[in-house]
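S.K.: Generate coordinates for the sequence data below:
(2 chains)
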Amino acid sequence: MSPDIFIKAAPVVLQGLQLTLIITIASFLLGQLLALPLGLARQASSPLLRWPAAVYTFLIRGSPLLVQLFIIYYGLGQIPAVRNSILWPILREPLYCGIIAISLNSAAYMAEVVAGALRRVPKGQTEACISLGISRRHRLTDVLLPQVYRELLPNIGNEIILVLKSSSLASAVTIMEITGVARAFTARTFAPFEVFITAGILYLAIGFAFTFLFRLLERRYGITGTRTPAPEASA
Amino acid sequence: MIKVRNLVKYYGQTKVLDGISLDVAKGERIVLCGPSGSGKSTLVRCINGLEQRSAGDIEIAGHVLKPDCSNVLELGGDVGMVFQQFNLFPHMNVLDNLTLALRRVRGTPRAEAEAQAIAMLERMQLGARAKAYPRELSGGQQQRVAIARALCMKPKVMLFDEPTSALDPEMVQEVLDVMTALSREGLTMIVVTHEMGFARNVADRIVFMDGGVILEEAAPDAFFDHPQHNRTREFLRQIGPRTH
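M.R.: As a prediction, this is how the structure comes out:
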């Protein structure tokens, strides 16, 4: 172990920071966006919606992300129809493939979480809406989903950490994010210990920043009275 | 105002309502009582379309309710419902709880909806709690907010499903007082309750249910002083001390 290499490794590993953040944030946002319709479909009364969503989550959750990433990046390019399609400029790029694979994955996990939270909203909430004449759409947008997402803030904060860690797999398809540059640097210095410890510390720091951000969101948007006792509760 | 004909309801194999017919005139105040499991809650939940029925016809506040309740939203707040568990929206403050349906269903502009809601809260002596969240309120206050929320829609009928059963004893009276005040305003009401004192004071008619059928219907004095049925007498004896 040499302190010199730590000092040399730091700026190198930091070069990957930007790509790691891009992959993490883009995959996280896309994943959340897809998770909502998927989660609703998992809870739908129509089997035509429920089954495809169930199959999707089964396939995605049941196979390794790295395998999915290889299928998307290496596999799809084998199909002429894909190479000739308008999607090819996207599927040709390892960065986009990484974001697609990670967000599809995150969406599958998050969809189950959203569906579970929808199931946990007390039935009385829906009944109160019906008795007031509130339409299905407004029931969802004004009553159910605001409660679901407030409850899920801790899970969502957790999910962004998982996505951050998954982003390191993108190095397997040539992307020079933190893990990617760390591997390249190791190949040159033969000092994997120092380099990967530096990378690990950087991941921890990013994860800590995300956690802190979600703590703030929870404090701001958590349902009043569920976590902190209200000062005037006995009034 | 309400017309129920031969209402039958099964939960799986169990028949919970067995041919209920009930007419409620405009302005009439009905108290529904009976032992637990007698089907009284199920009856009010069928009447406002929260439960599908197996057979029978229901007409309420000018709407003919389809058996599968697919047109339940046509009732659109004309039939107010107060639940045992309040069912306030926990992520909204009191004011937003009251204005949501006004804005979304009636299309009332926010400012106007809020003015109506505040007037309603004043009436319920809850004017100071407009910005509070449900969990910051006592049970009695929450139930009064729930009543106010239903009343904001200017319902033609109010249904109460055991409104005081989930309350601490010291809070029961404040809710009953609000309901008594409402009954004086000529609102059509059906109240499922075990509060026999309230029933005697307020009801025009008491409907006694047991085993999914209506066993007895009578004015309060006749009901309490000369019950016709053995089951009614037994029920009144069990619930006795609270009657007078």
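
S.K.: check which helix or strand covers residue 194.
M.R.: As the question left the chain open, I've gone with chain A. helix A:192-221 (DSSP states H and E).

S.K.: what about that helix and chain B, touching?
M.R.: No. For a cut-off given as C-beta under 8 Å from any C-beta of the partner chain, helix A:192-221 has no contacts with chain B; the smallest distance is 8.8 Å. Just so you know, the C-beta spots here come from the backbone N, C-alpha and C atoms, and that holds for glycine as well.

S.K.: what's the spacing between that helix and its chain's center?
M.R.: 15 Å (C-alpha atoms, centre = their mean, to the nearest Å).

S.K.: ditto for stretch A:122-130
M.R.: 30 Å.

S.K.: buried sites along it?
M.R.: By neighbour count on 16 or more other C-beta atoms under 10 Å in any protein chain shown, the buried set for stretch A:122-130 is A:Gln125, A:Thr126, A:Glu127, A:Ala128, A:Cys129, A:Ile130.

S.K.: For it, which outside residues touch it?
M.R.: Contacting residues not belonging to stretch A:122-130 are listed as A:138-139, A:143-144, A:147, B:49-50, B:72-73, B:81, B:83, B:85, B:87-89, B:146 [C-beta atoms under 8 Å, 6 or more residues apart in numbering or on different chains].

S.K.: contacting residues around the residue nearest the centre of chain B?
M.R.: A centroid search over chain B (C-alpha atoms, centre = their mean) returns B:Phe160, at 1.5 Å, as the residue closest to the centre. Contact partners of B:Phe160, counting by C-beta under 8 Å, 6+ apart, are B:Met81, B:Val82, B:Met179, B:Met189, B:Ile190, B:Val191, B:Val192, B:Thr193.

S.K.: Can you tell me the SS state at it?
M.R.: strand (DSSP: H, G, I helix; E, B strand; the rest coil).

S.K.: Spell out which residues of chain B are next to chain A.
M.R.: Checking chain B against chain A by C-beta under 8 Å from any C-beta, the hits are B:48-50, B:72-73, B:75-81, B:83, B:85, B:87-91, B:100-101, B:104-105, B:132-136, B:138, B:146, B:149-150, B:153.

S.K.: Can you list the residue ranges for helices in chain B?
M.R.: For chain B, helices defined by DSSP state H occupy the ranges B:40-47, B:94-104, B:110-123, B:139-151, B:169-183, B:196-202, B:220-225, B:230-239.

S.K.: Need the ones you listed in TSV (columns: distance to A:Val113 and mean pLDDT).
M.R.: Shown next, in TSV, are these (distance: least, C-beta to C-beta, whole Å; pLDDT from 0 to 100):
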stretch	distance to A:Val113	mean pLDDT
helix B:40-47	31	95
helix B:94-104	26	96
helix B:110-123	33	95
helix B:139-151	29	96
helix B:169-183	37	93
helix B:196-202	45	93
helix B:220-225	53	93
helix B:230-239	46	90
